[in-house]
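Novice: my questions concern the predicted model and sequence given below.
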Amino acid sequence: MITILGATGATGGALLRRLVDIDVPCRAISRHPDTLRATLGAGTPVEVVGADAVDPRALRTAFAGSTQLFLAMANSPRQVELEINAVDAAAACGVRHVVKLSAPAAEPNSPVAVSRGHWRVESHLRRTGVVGTVLRPYAFMQKLLLNAPAIAEGVLIGALRDVPCNYIDVRDIADVALETLLRPDLAGSTYALTGPQAFRQPELAHRFTQLTGRPVRYIDLSPEEFHAHLVRTAHMPDWLASHVVEIQQLAIARPEAPNGTVEAVLGRPARTLDAFLREHLDVFATAP
């Protein structure tokens with residue numbers, strides 16, 4: 001039994017759909033199981049179990065009978081604590097393999113606080129003796145959809161200067177996760193996952209101009225200005241705005257070069273950013 005903790009997230013949800021498509025028995029854990037069942041629809045062959053990661057006992061009950069766990073929890077100030085709860089519960093239940101969604105630069109001295117947290121969870125997972133597979137993807141293409149209102153006003157805002165940023169489709173991350181769950185020869189490794197091309201923000205703004213038929217320009221802010229913008233305009237909590245700024249500053253400190261990991265694992269090229277943007281033309285072209 002493959003269990004997903006984080007099935008309502010972008011990557012966990014994509015993995016869940018892939019498992020359903022190929023008729024692999026799976027279980028989805030959610031704090032709001034009735035909502036998830038309604039989202040999946042009647043007749044979907046997914047075992048939905050209610051549990052909260054703050055409750056280790058509930059997690060052990062939810063994981064009972066599982067052989068593998070996909071762990072992808074949302075960023076939060078308590079993420080490390082909650083993911084360690086999940087790892088410990090999985091080990092206690094006899095789960096043999098955990099696939100953890102991590103982040104770039106997951107190192108003890110990483111300049112990104114969230115990445116330091118992921119490193120702590122990765123290290124804890126290794127100490128349990130459970131086979132651990134770690135996925136370290138770069139920026140999600142799907143996050144660009146959050147920029148649709150600003151793009152409708154003709155601007156793309158960031159603090160990336162003129163450095164390349166790599167974007168990967170969460171469906172590719174899910175497909176790699178699926179392969180590591182189904183193929184024992186892929187388990188136990190760490191995979192840095194990228195899209196096929198890195199883009200400077202002015203290049204991305206130009207693509208939005210071509211896509212929407214409206215002029216879109218990139219506005220580069222200082223890290224402090226960008227943080228204030230995210231808190232004031234996007235209504236992000238301070239910790240999340242700091243994370244977004246740190247991730248962009250990481251791209252400046254460590255230039256992001258595409259790799260061939262997705263194609264090596266899947267036997268096909270990673271999805272392109274241009275294809276993703278065309279797929280979501282209605283969102284970018286008609287945003288209020």
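Specialist: Perfect, thanks for sending it. On a predicted model such as this, the values are computed, not experimentally measured, just so you know.
Novice: what's the end-to-end length of stretch 272-285?
Specialist: 19 Å (C-alpha to C-alpha, to the nearest Å).
Novice: burial of residue 257, as a residue count?
Specialist: Here the number of neighbours of residue 257 (other C-beta atoms under 10 Å) works out to 9. (Each C-beta comes from the backbone N, C-alpha and C, glycine too.)
Novice: roughly how far apart are it and residue 164?
Specialist: Separation of residue 257 from residue 164 (C-beta to C-beta, to the nearest Å) stands at 8 Å.
Novice: need the overlap of contacts for the two.
Specialist: Common neighbours of residue 257 and residue 164, counting by C-beta atoms under 8 Å, 6 or more residues apart in numbering, are residue 198.
Novice: this protein: helices as residue ranges?
Specialist: In order along the chain, the chain carries the following helices (DSSP state H): 10-21, 33-40, 56-63, 79-92, 113-128, 148-152, 170-182, 201-212, 223-232, 238-253, 261-266, 273-279, 281-286.
Novice: where does pLDDT dip in the protein?
Specialist: Low-confidence regions of the chain, defined by pLDDT under 70, span residues 287-288.
Novice: where is the longest strand in it?
Specialist: strand 131-137 (DSSP state E).
Novice: so how many other residues sit close to the residue nearest to residue 209 when sequence neighbours are not counted?
Specialist: For residue 209, the nearest residue in space outside its immediate sequence neighbours is residue 216; the separation is 4.7 Å by C-beta to C-beta, 6 or more residues apart in numbering. For residue 216, the count of nearby residues is 23 (other C-beta under 10 Å).
Novice: likewise the one 5 residues further on?
Specialist: Using other C-beta under 10 Å as the criterion, residue 221 is surrounded by 17 other residues.
Novice: could you export stretch 253-271 as PDB, CA atoms only?
Specialist: Extracted in PDB, the C-alpha atoms of stretch 253-271 (Å, rounded to 0.1, in the frame of the first residue of the first chain):
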ATOM      1  CA  ALA A 253      24.000  33.000  -5.200                       C
ATOM      2  CA  ARG A 254      23.900  29.600  -6.900                       C
ATOM      3  CA  PRO A 255      23.000  29.900 -10.600                       C
ATOM      4  CA  GLU A 256      20.400  27.400 -11.600                       C
ATOM      5  CA  ALA A 257      21.400  25.100 -14.400                       C
ATOM      6  CA  PRO A 258      19.000  22.500 -15.900                       C
ATOM      7  CA  ASN A 259      19.900  18.900 -15.500                       C
ATOM      8  CA  GLY A 260      18.700  15.700 -17.200                       C
ATOM      9  CA  THR A 261      17.400  13.900 -14.200                       C
ATOM     10  CA  VAL A 262      13.700  13.900 -15.200                       C
ATOM     11  CA  GLU A 263      14.500  12.500 -18.600                       C
ATOM     12  CA  ALA A 264      16.900   9.900 -17.200                       C
ATOM     13  CA  VAL A 265      14.200   8.600 -14.800                       C
ATOM     14  CA  LEU A 266      11.200   8.900 -17.000                       C
ATOM     15  CA  GLY A 267      12.600   8.200 -20.500                       C
ATOM     16  CA  ARG A 268      11.100  11.400 -21.900                       C
ATOM     17  CA  PRO A 269      11.900  15.100 -21.700                       C
ATOM     18  CA  ALA A 270      10.700  17.200 -18.900                       C
ATOM     19  CA  ARG A 271       7.700  19.400 -19.700                       C
END
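Novice: pull out the buried positions in that stretch.
Specialist: Buried residues in stretch 253-271, counted by 16 or more other C-beta atoms under 10 Å: 256, 258-259, 261-262, 265, 270-271.
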